[in-house]
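In: Need coordinates for the below:
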Amino acid sequence: MSVERAIRIPIESHATVLGDLCLPEAASGLVIFAHGSGSGRRSPRNRSVAEALNNAGFATLLIDLLEEDEDVEAGDSGHPKWDIEMLSKRLAHTREWTADDPELASLPVGYFGASTGAGAALAAAAREPDVIGAVVSRGGRPDLAGDQLRSVRAPTLLIVGSRDAHVLDLNREAANKMKAEVRLTVVPNATHLFPEPGALEQVMELAVEWFRTHLRTEDREASHR
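Out: Next up is the predicted model:
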């Protein structure tokens, strides 16, 4: 049986992070989802991944890193969706909030990032290298984390579709910069959003296995000894 609740987290500059938490009974870890622009906590793709994680015994927290008036279509580099520093701060602030929640505080924490959210997830993981236990990126832009990639210590899984050529190249470059354990897994015949039959199911299986392997309470306790 799972407990579900909506959350509101006040953060800097009068912004508010909205989220949907699902907490299975006897959860073994918490995965916080960072979405890209044009997507959010109601993304059907990420909700499908979250459901698979819930079924595997993980709590999930799907959040909107951008407020409604910030998440508008714009391609210029000054748009909030490209402000990885801001997005990673909001994500780290959300993680700090979970540490003060009595139902979540004891759980090891990982990040699941999609699109630009993957860059924010890795930058946030670099901010707290002894806290974040694992990161998974789906069709993400880890390159946007820049030099912070070298400071990530969390084992990282990069999942990219074989037909998402440009993003695949960017993931290869990002993986080469990382010092942490990193694996790049290419899903055959999949494009950026993994709409092909069976493609998203592969993402779910890969994510569940990665967090099962790397997001463990004993690992978190060992890192603080």
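In: what about the spatially most central residue of the chain, which SS state?
Out: By CA atoms, centre = their mean, the chain has its centre lying nearest to F112, at 2.1 Å. Classification of F112 by DSSP: H, G, I helix; E, B strand; the rest coil places it in strand.
In: I'd guessed it sits against I32; true?
Out: Yes - counting by CB atoms under 8 Å, I32 is a contact partner of F112 at 7.3 Å. Where C-beta positions appear, they are placed from N, C-alpha and C, glycine not excepted.
In: what helix or strand does the closest residue to G113 other than its chain neighbours sit in?
Out: Counting by CB to CB, 6 or more residues apart in numbering, A121 is the residue found nearest to G113 once chain neighbours are left out, at 3.4 Å. Following DSSP states H and E, one finds A121 within helix 116-127.
In: contacting residues around that helix?
Out: 33-37, 39, 65, 81-82, 84-85, 87-92, 95, 111-113, 132, 135, 137-138, 140-146, 148-149, 151-154, 156, 158 (CB atoms under 8 Å, 6 or more residues apart in numbering).
In: Can I get the buried ones among the residues you listed as something I can paste into PyMOL?
Out: Paste this into PyMOL to select the buried members of these, with burial taken from 16 or more other CB atoms under 10 Å:
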select buried, resi 33+34+35+36+37+39+65+81+82+84+87+88+89+90+91+92+95+111+112+113+132+135+137+138+140+141+142+143+144+145+146+148+149+151+152+153+154+156+158
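In: Take the contacts of helix 116-127 and keep only those in helices.
Out: With helices taken from DSSP state H, the overlap with those comprises I84, E85, L87, S88, K89, R90, L91, A92, R95.
In: With respect to L18, which of the residues you listed is nearest?
Out: Using CB to CB, R90 comes nearest to L18 of those, at 11.2 Å.
In: Return the residues in contact with the closest one.
Out: Counted by CB under 8 Å, 6+ apart, R90 has contacts I11, A15, V17, L65, A120.
In: I'd like to know how many residues surround the closest residue to the second one other than its chain neighbours.
Out: Think A15. Using CB to CB, 6+ apart and skipping the chain neighbours, the partner closest in space to A15 is E67 (5.8 Å). Using other CB atoms under 10 Å, E67 has 14 neighbouring residues.
In: Run a quick neighbour tally on E51.
Out: With other CB under 10 Å as criterion, E51 counts 14.
In: ok so it is a strand residue?
Out: No - read with three-state DSSP, E51 is helix and lies in no strand.
In: ok, it - contacts?
Out: Contacts of E51 by CB under 8 Å, 6+ apart: none found.
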